[in-house]
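Participant: Quick one, structure for this:
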Amino acid sequence: MTTFVALGDSFTLGIGDPVCRPGGWDWRGWAALLAEGLREPRLHNLASSGAQSTDVERDQLPAALQLRPDLASVIVGLNDTLRAGFDPARVSAAAAHTVGALRAAGAEVLTMRLPDPGRMLGLPGSLARPLARRAHEVNAIMDAVAVRFGTLHYDAAGDPATHDPAMWAVDRLHPSERGHRLIACRFHDQLAADPPGRVRVAGHQGHRLGRAPLHRPGTGPAGHGDQGTMVGRRPG
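Facilitator: From the prediction side, this is the model:
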């Protein structure tokens, strides 16, 4: 069994990728899609809408550590860039503590460079430039965290596919179903191609992978069939 714990904000919660389940509509998202490509997955999605880096550190990290994950994701920073009190030092400290604690506990960790929210929203230059600077600062922080702790780090900001409008929901801040599938596929590719020489946590044996997530939209919700159990989903 592979225990996968997803930490972060609405980006990881799955907003933008609605699915109809027996109990009604719910969000699915890239983490659930990626879990479908793990062997015997058990997904705990701890992400919460509006979470900033310090919220993830304070509220989500303790619960994640109790679950003793084999695989964890920490994708955070977008909400920090949108707040008036943006503090790069605070983002850096929270991100380093969160990722470092998960790595020290034996988890493989996934991190990501975020696209520029101003560009995604199509804001005029006077509003877009400050957001671009903040996004650059957050990405530089996550680049440093990725190098320091040896995460699998997806550069969504530099991926040409990210800038296809079809990858984004109508609010332009959250991925569409196609965008969530893109993220899941990119992380699956990184897990599959993880080079043997990369530094791992002592004793970590890696992950057995199943099939890659499908790129095409329209498949059924995660957690059905023989792909394992998904738990901890939260409605939007």
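
Participant: any idea which element residue 16 lies in?
Facilitator: Assigned by DSSP states H and E, residue 16 belongs to no helix or strand.

Participant: can you check residue 44 too?
Facilitator: Assigned by DSSP H and E, residue 44 falls within strand 41-45.

Participant: Strands of this protein, start to end?
Facilitator: Secondary structure of the chain (DSSP state E): strands located at 2-8, 18-21, 24-27, 41-45, 71-75, 108-113, 152-155, 229-231.

Participant: between these, which one is nearest to residue 62?
Facilitator: Nearest of these to residue 62, taken as Cβ to Cβ: strand 2-8 at 10.9 Å. For every residue, glycine as well, the C-beta is placed using N, CA and C.

Participant: Contacts for that closest one, please.
Facilitator: 12, 31, 34-35, 38-47, 51, 56, 60-61, 64, 67-76, 98, 107, 207-208, 228 (Cβ atoms under 8 Å, 6 or more residues apart in numbering).

Participant: quick revisit: could you list the alpha-carbon positions for the strand holding residue 44 in CSV?
Facilitator: Provided in CSV are the C-alpha atoms of strand 41-45 (Å, rounded to 0.1, in the frame of the first residue of the first chain):
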residue,chain,number,x,y,z
PRO,A,41,-2.9,3.9,-3.1
ARG,A,42,-4.5,5.4,0.0
LEU,A,43,-4.9,9.1,-0.5
HIS,A,44,-5.4,11.6,2.3
ASN,A,45,-6.1,15.1,0.8
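
Participant: packing partners for it?
Facilitator: strand 2-8, helix 30-35, strand 229-231 (3 or more Cβ pairs under 8 Å, 6 or more residues apart in numbering; DSSP states H and E).

Participant: Adjacent strands (with direction) for that strand?
Facilitator: strand 2-8 (parallel), strand 229-231 (parallel) (DSSP bridges).

Participant: Looking at those, which one is packed in the most?
Facilitator: When those are scored by mean count of other Cβ atoms under 10 Å, the highest mean neighbour count falls to strand 2-8 (a mean of 25).

Participant: Can you give me the distance of residue 209 to residue 18?
Facilitator: Look at residue 209 and residue 18: by Cβ to Cβ, to the nearest Å, they are 27 Å apart.

Participant: before we move on, back to that, among the strands of the chain, which comes closest to residue 141?
Facilitator: strand 108-113 (10.1 Å).

Participant: For the residue nearest the centre of the chain, which residues are in contact?
Facilitator: When Cα atoms, centre = their mean is applied to the chain, the residue found nearest the centroid is residue 75 (4.3 Å). Taking Cβ under 8 Å, 6+ apart as the criterion, residue 75 is in contact with 7-9, 11-12, 110-112, 114.
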